[in-house]
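[1] coords please:
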Amino acid sequence: MSKGPGLFSDFGKKARDLLNQDYASDQKFTNSSSTFTELGLVSNLVNEGGLSSGDVAAQFKQKNVVVEILTTFTITDLLPSTKTMASFKLPDYNSGKLEVQYFHEHGALTTAVGLKKSPAIDFSATVGSPSIAFGAETSYVTSSGEFTKYNAGVNITKPDSSASVILVSYVQYHLNYMNGGAVGGEIARKLSTNENTLTVGCSYPVDPHTLVKAKLNNHGNLGA
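    Down below sits the predicted model:
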């Protein structure tokens, strides 16, 4: 793939992962394993609100094809500089989605469409370079013939830090430490209530097998 500006969905991804990934308000147990034949197996058991649910997914990798049984089918380089993904979850057939991503040295495009009657079609585009990029996204609902989402932003990436401003609601910052740790922050504004939420977080690798993370927002919510 091209080492261009990347996708719009990647704007602020490092900060989002630092502040949201691995935190859970429910009880979740995950087990994963893999074999030398490129076959992996992941099972999840979740207890949320007194209700329990579970799923099992198998993943097979072979050259440029990744198949997640009953979940996602991905092909890279089917066409030059493209990545095509089809995904669905059983028994919810309406969750199916087909997505095509195109990468260029100075830009990237993505189109995603739901595999159901009268689906929504999502578009996004970016222009720039790996160090600074501008992007926008929108969503078109075929049933009503209307555009329901507009968003735009800028992303700046340096070897040890990254920052992004998303027009609708986010300002995010991420900084890497040389020892593998990181700090990050996000200001999110809920347009419906004009409420701002400031969240800061950090991660620190205690050893090769242990990572400690913590976050705190201006409402006094602490997570670890």
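[2] Helices along the protein, start to end?
    Secondary structure of the chain (DSSP state H): helices at 13-20.
[3] So, low pLDDT: which residues of this protein?
    1-2, 24-78, 88-95, 168-170, 177-178 (pLDDT under 70).
[4] Neighbours of the residue nearest to G4 when sequence neighbours are not counted, how many?
    Once flanking residues are discounted, G4 sits nearest to E105: 5.1 Å by CB to CB, 6 or more residues apart in numbering. In this view, the C-beta of every residue, glycine as well, is placed from N, C-alpha and C. The local packing of E105 (other CB atoms under 10 Å) involves 12 other residues.
[5] for the one 3 residues further on, same thing?
    Counted by other CB under 10 Å, the residues lying close to A108 total 26.
[6] now V141
    15.
[7] Report the contact partners of it.
    Each residue near V141 by CB atoms under 8 Å, 6 or more residues apart in numbering is listed here: 118, 120, 147-148.
[8] returning to that earlier point: ok, the residue nearest to G4 touching G6?
    No - if you go by CB atoms under 8 Å, E105 and G6 don't touch, sitting 11.7 Å apart.
[9] Overlap of the contact sets of the two?
    Contacts common to E105 and G6, judged by CB under 8 Å, 6+ apart, are absent.
[10] For T138, state which of the contacts of V141 is nearest.
    Nearest to T138 out of those is F147 (CB to CB; 5.4 Å).
[11] Bridge partners for that closest one, pull those for me.
    Counting by DSSP bridges, F147 is bridged to Y140.
[12] And it, how far from E137?
    As defined by CB to CB, to the nearest Å, F147 lies at a distance of 11 Å from E137.
[13] what's the answer for A224, then?
    For A224 relative to E137 (CB to CB), the value is 33 Å.
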